[in-house]
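Visitor: Just need the structure, nothing else, for what follows:
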Amino acid sequence: MKIINKISLLFMTLIMSTSVFSEEILFGKAVNEEAKVSISTLLASPTEFLDKEVTISGTIVGVCSSRGCWVDIASDAKFEKLRIKVRDGDMVFPIHSKGRQALATGTLQAIELSLEETKKYKVNLAKRRGDTIDTENITVAMSIYQLSPIGVKILD
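Guide: Next comes the predicted model:
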């Protein structure tokens, strides 16, 4: 009888935890679905969208594991993603949202890197891929783009 009770308890726990993870989660203001722009369009010509309100959508492929202050959203184009970043504590994105669909409304921001910062950034990217890079060939500073959200909806 004890085994049946333990199995029943385990089964109920699994059902309850699944329902917690499948809820729609809202942060901030309502998402403006009428302002939707694909991530590939944003990244193809980011200066056209700087400081303008846009809405993006896609699969969450990364979440800040220490404070939940950012999520990476996969683009509609292969191997592209866009980071949604908030000040620590403004919105706390749960780790379990990775793999779920999300909509986010906000403004596209540019982070201007110096030439030295650009070289370090590209070296880090190469290391993560298991490659090396010759920084002597890097002669132009770059910008990194991210969305500063006013509203985020994580779908179930």
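Visitor: V123 versus A104, what's the distance?
Guide: 30 Å (C-beta to C-beta, to the nearest Å). Every residue, glycine included, has its C-beta placed from N, CA and C.
Visitor: who's more crowded, these two?
Guide: Higher neighbour count among A104 and V123: A104, with 26 against 16, using other C-beta atoms under 10 Å.
Visitor: Direction included, what does the host helix or strand of Y145 pair up with?
Guide: For Y145, the host element (DSSP states H and E) is strand 143-154. For strand 143-154, the paired strands and their directions (DSSP bridges) are strand 25-28 (antiparallel), strand 81-85 (parallel), strand 101-112 (antiparallel).
Visitor: Buried residues in the shortest one, which are they?
Guide: For strand 25-28, a neighbour-count test (16 or more other C-beta atoms under 10 Å) marks I25, F27, G28 as buried.
Visitor: can you give me the helices for the chain?
Guide: 2-21, 39-44, 115-129 (DSSP state H).
Visitor: on that earlier part again, okay if I get the buried residues of strand 25-28 as TSV plus distance to T41?
Guide: Formatted as TSV, the buried residues of strand 25-28 follow (distance: C-beta to C-beta, whole Å):
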residue	distance to T41
I25	26
F27	24
G28	23
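Visitor: Can I get those in JSON lines including distance to T55 and pLDDT?
Guide: Listed next are the buried residues of strand 25-28 as JSON lines, based on distance: C-beta to C-beta, whole Å; pLDDT from 0 to 100:
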{"residue": "I25", "distance to T55": "16", "pLDDT": "94"}
{"residue": "F27", "distance to T55": "14", "pLDDT": "96"}
{"residue": "G28", "distance to T55": "12", "pLDDT": "95"}
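Visitor: so who does the residue nearest the centre of the chain touch?
Guide: Compute the mean C-alpha point of the chain, and by C-alpha atoms, centre = their mean the closest residue is D72, 2.0 Å away. Neighbouring residues of D72 by C-beta atoms under 8 Å, 6 or more residues apart in numbering: I60, V61, G62, V63, K81, L82, R83, I84.
Visitor: of all the buried residues of strand 25-28, which comes closest to I95?
Guide: Within the buried residues of strand 25-28, distances to I95 taken as C-beta to C-beta reach their minimum at I25, with 12.3 Å.
Visitor: which residues pair with the closest one across the strands?
Guide: I154.
Visitor: Extract the C-alpha set from stretch 61-69 and format it as PDB.
Guide: The C-alpha trace of stretch 61-69 is given here as PDB (Å, rounded to 0.1, in the frame of the first residue of the first chain):
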ATOM      1  CA  VAL A  61      17.200  29.800 -26.500                       C
ATOM      2  CA  GLY A  62      19.000  31.200 -23.500                       C
ATOM      3  CA  VAL A  63      18.200  32.600 -20.100                       C
ATOM      4  CA  CYS A  64      20.400  34.400 -17.500                       C
ATOM      5  CA  SER A  65      21.000  31.800 -14.900                       C
ATOM      6  CA  SER A  66      22.100  34.200 -12.100                       C
ATOM      7  CA  ARG A  67      19.500  36.900 -12.000                       C
ATOM      8  CA  GLY A  68      17.100  36.200 -14.900                       C
ATOM      9  CA  CYS A  69      17.900  39.600 -16.400                       C
END
